[in-house]
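> What shape does this take:
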Amino acid sequence: MTFTTPALADPVHDATQAALPQLMEFYRDFHSNPELSLHEVKTAAKLAEEARKAGFKVTEKVGGTGVVAVLENGPGPVVLIRADMDGLPVTEQTGLAFASKVRTTSDEGIETGVMHACGHDTHMASWIGTLRNLAAMKSKWHGTVIMIAQPAEERGMGAKAMLDDGLFTRFPKPQYALAFHDSAGQPAGQIGITAGYALANVDSVDVIVKGVGGHGAYPQTTKDPIVLAARIVTSLQTLVSREVDPQEAAVVTVGMIKGGSTHNIISSEVTMLLTVRSFKPEVRKLLLDGIARIAKGEAIAAGVPDDRLPEVKVRDNFTPATFNTQPITSRMQALWTARFGKDRVVETKAVMGGEDFSRYWLADNSIQSLIFWVGGVPADKWAASDNGKKPLPSLHSPFWAPDAEAVVGTATEAMTSAALDILKK
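As a prediction, the model looks like this:
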């Protein structure tokens with residue numbers, strides 16, 4: 001199954017299709033030359049150049065490498081449209097002719113391949129297509145368009161950095177904020193819309209479990225932090241199963257445990273790294289408070305001295321839940337259903353992934369905000385998966401290779417039509 005033919009051809013569709021060959025050149029260039037979070041220097045320069053060529057007033061280095069492009073066209077609403085720029089520390093295995101061969105050293109000092117394994121290359125190609133369409137169609141709308149190219153979405157830092165650098169004070173303040181994300185769980189060219197909570201709160205939590213080390217042959221002289229860590233892992237499972245309302249969504253995953261040095265030594269410390277997901281603020285608080293309580297309680301039960309109780313640290317790079325507001329969500333669903341047909345526009349469930357696009361609405365709840373999905377699974381792979389023959393790669397997989405033409409074409413047409421509807425004369 002694939003969706004590329006519109007239900008109704010019109011100037012937006014025709015302009016997008018005419019531009020698609022060049023937009024695909026941009027896509028392949030971005031895909032071949034990814035840059036990690038906070039290092040999107042060359043990527044940002046390319047986007048800034050294209051925005052200037054289209055007639056936008058461009059400001060670079062907003063919040064680090066962020067780009068803000070503004071096109072004013074008389075009085076009217078202000079619409080912000082975002083694309084994210086960063087790649088991931090993933091070594092590509094797609095086999096594409098233009099696959100990334102980039103290797104670098106991460107901020108953590110790890111040598112790694114770099115890949116657009118989350119599809120931000122499709123986001124940026126569509127961003128260029130959308131700004132070009134809107135610049136060419138100024139006679140059809142009035143108001144202000146703000147196109148932002150955001151750094152460091154993958155690390156949950158870029159939106160906050162741009163806001164802290166005056167995004168809403170140095171530039172026109174938006175009444176509307178729009179973004180899209182390619183989907184590895186929908187057929188290519190299908191649009192997915194989720195009303196209300198769409199993506200989750202994401203917290204990274206470090207738990208340092210302390211004990212009293214010693215010889216493995218004399219455990220009675222020690223307080224074993226590995227055993228204690230195992231107790232904590234088991235007890236943490238009750239947070240979701242017994243403390244969170246079953247009708248609410250929550251995840252507590254222990255992604256790493258590291259401790260000990262050899263067979264016959266009981267270590268004095270174990271490090272645990274957790275990812276914690278939720279939607280509602282009250283559920284987030286329950287989970288984080290519960291992790292601290294369980295870690296301390298299990299340590300006390302194990303007889304760990306007061307000066308060796310666990311340390312629980314919630315990292316600062318928290319990504320808040322993304323909320324799609326009304327009436328813009330229903331308005332766009334109706335607009336795109338009329339344009340593309342009901343088979344290409346579907347309601348999708350909220351997911352436990354994170355997106356720092358959420359911060360623009362949280363910075364000012366008067367903004368109408370929507371992030372939507374555009375399916376990227378190629379037709380042959382969708383059919384094989386639908387028949388149970390082969391599972392689909394997820395976002396962040398080294399094998400993720402979307403049908404980029406369908407994603408970019410659909411997203412550009414959808415985003416252009418959304419802006420024109422909001423800004424129509």
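> How much space separates the residue nearest to residue 310 when sequence neighbours are not counted from residue 215?
Distances taken as CB to CB, 6 or more residues apart in numbering put residue 295 closest to residue 310, at 4.1 Å, once the chain neighbours are dropped. Bear in mind the C-beta positions are built from the backbone N, C-alpha and C, glycine included. Going from residue 295 to residue 215 by CB to CB, to the nearest Å gives 26 Å.
> Same question for residue 126.
61 Å.
> How many residues are close by residue 374?
When neighbours are defined as other CB atoms under 10 Å, residue 374 has 30 of them.
> So it sits against residue 409, correct?
No: look at residue 374 against residue 409 with CB atoms under 8 Å: they stay out of range, at 9.4 Å.
> what sits in contact with each of these two?
Listed contacts common to residue 374 and residue 409 are residue 189; contacts here mean CB atoms under 8 Å, 6 or more residues apart in numbering.
> quick one, what contacts the closest residue to residue 224 other than its chain neighbours?
Among residues not flanking residue 224 along the chain, residue 266 sits closest, at 5.1 Å (CB to CB, 6+ apart). Contacts for residue 266 (CB under 8 Å, 6+ apart) come out as 211, 213-216, 219, 222, 224, 226, 260.
> now do residue 40
By CB under 8 Å, 6+ apart, the residues touching residue 40 are 65, 85-86, 151-152.
> Can you point out the helix or strand that includes residue 420?
Using DSSP states H and E, residue 420 sits in helix 404-422.
> roughly how far apart are residue 88 and residue 400?
Distance of residue 88 to residue 400, given as CB to CB: 10 Å.
> Touching both of these two, which residues are there?
117-118.
> Which of the three states applies to residue 144?
Following DSSP: H, G, I helix; E, B strand; the rest coil, residue 144 is assigned to strand.
> From residue 228, how far off is the residue nearest to residue 224?
As judged by CB to CB, residue 266 and residue 228 stand 11 Å apart.
> shared neighbours, these two?
Shared contacts of residue 266 and residue 228 (CB under 8 Å, 6+ apart): residue 211.
> got any ranges where the stretch 1-150 of the chain has weak pLDDT?
Along the stretch 1-150 of the chain, the parts satisfying pLDDT under 70 run over 1-9.
> Which parts of it are strands?
Here the stretch 1-150 of the chain has its strands, by DSSP state E, counting those that start in this stretch, at 57-62, 66-73, 78-84, 103-105, 111-113, 143-150.
> same deal with the stretch 151-300 of the chain?
176-187, 191-193, 196-199, 201-210, 214-215, 250-259, 265-266, 269-278.
> most tightly surrounded among these?
Sort the strands of the stretch 151-300 of the chain by mean neighbour count, taking mean count of other CB atoms under 10 Å, and strand 176-187 sits at the top with a mean of 24.
> other SSEs contacting it?
strand 78-84, helix 120-136, strand 368-377, helix 404-422 (3 or more CB pairs under 8 Å, 6 or more residues apart in numbering; DSSP states H and E).
> What pairs with that strand, parallel or antiparallel?
Counting by DSSP bridges, the strands paired with strand 176-187 are strand 78-84 (parallel), strand 368-377 (parallel).
> ok, the closest residue to residue 153 other than its chain neighbours - contacts?
Nearest residue to residue 153 in three dimensions, chain neighbours excluded: residue 84, at 3.7 Å (CB to CB, 6+ apart). Applying CB under 8 Å, 6+ apart, we find residue 84 in contact with 120, 123, 149-151, 153-154, 158.
> Is it possible to get CSV of those that adds distance to residue 114 and neighbour count?
Shown next, in CSV, are these (distance: CB to CB, whole Å; neighbours: other CB atoms under 10 Å):
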residue, distance to residue 114, neighbour count
120, 12, 27
123, 16, 27
149, 18, 31
150, 18, 32
151, 14, 30
153, 15, 25
154, 11, 22
158, 17, 29
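> which SSE is the most centrally placed residue in the chain in?
Within the chain, one residue has its C-alpha closest to the average C-alpha position: by CA atoms, centre = their mean, that is residue 355, at 3.6 Å. Using DSSP H and E, residue 355 falls within no helix or strand.
> what's the spacing between it and residue 126?
Distance of residue 355 to residue 126, computed by CB to CB: 16 Å.
> my guess is the residue nearest to the centre of the chain meets residue 319, correct?
Yes: using CB under 8 Å, residue 355 is in contact with residue 319, at 7.0 Å.
> Quick check, pLDDT for residue 163.
Looking at residue 163, its pLDDT is 98.
> Pull the contacting residues for the closest residue to residue 393 other than its chain neighbours.
Nearest in space to residue 393, with sequence neighbours left out and distances taken as CB to CB, 6+ apart, is residue 399 at 4.1 Å. Shown in contact with residue 399 (CB under 8 Å, 6+ apart): 93-94, 393.
> any idea how far the helix holding residue 420 is from the chain center?
On the basis of CA atoms, centre = their mean, to the nearest Å, the separation between the geometric centre of helix 404-422 and that of its chain is 19 Å.
> now the angle between helix 120-136 and it, please.
40 degrees (axes from the mean of the first three to the mean of the last three CA atoms, to 10 degrees).
> Which parts of helix 404-422 count as buried, going by neighbours?
Neighbour counts over helix 404-422 (16 or more other CB atoms under 10 Å) mark 404-422 as buried.
> what's the average pLDDT for that helix?
Helix 404-422 comes out at a mean pLDDT of 98.
> do the same with stretch 250-268
Averaged over stretch 250-268, pLDDT sits at 97.
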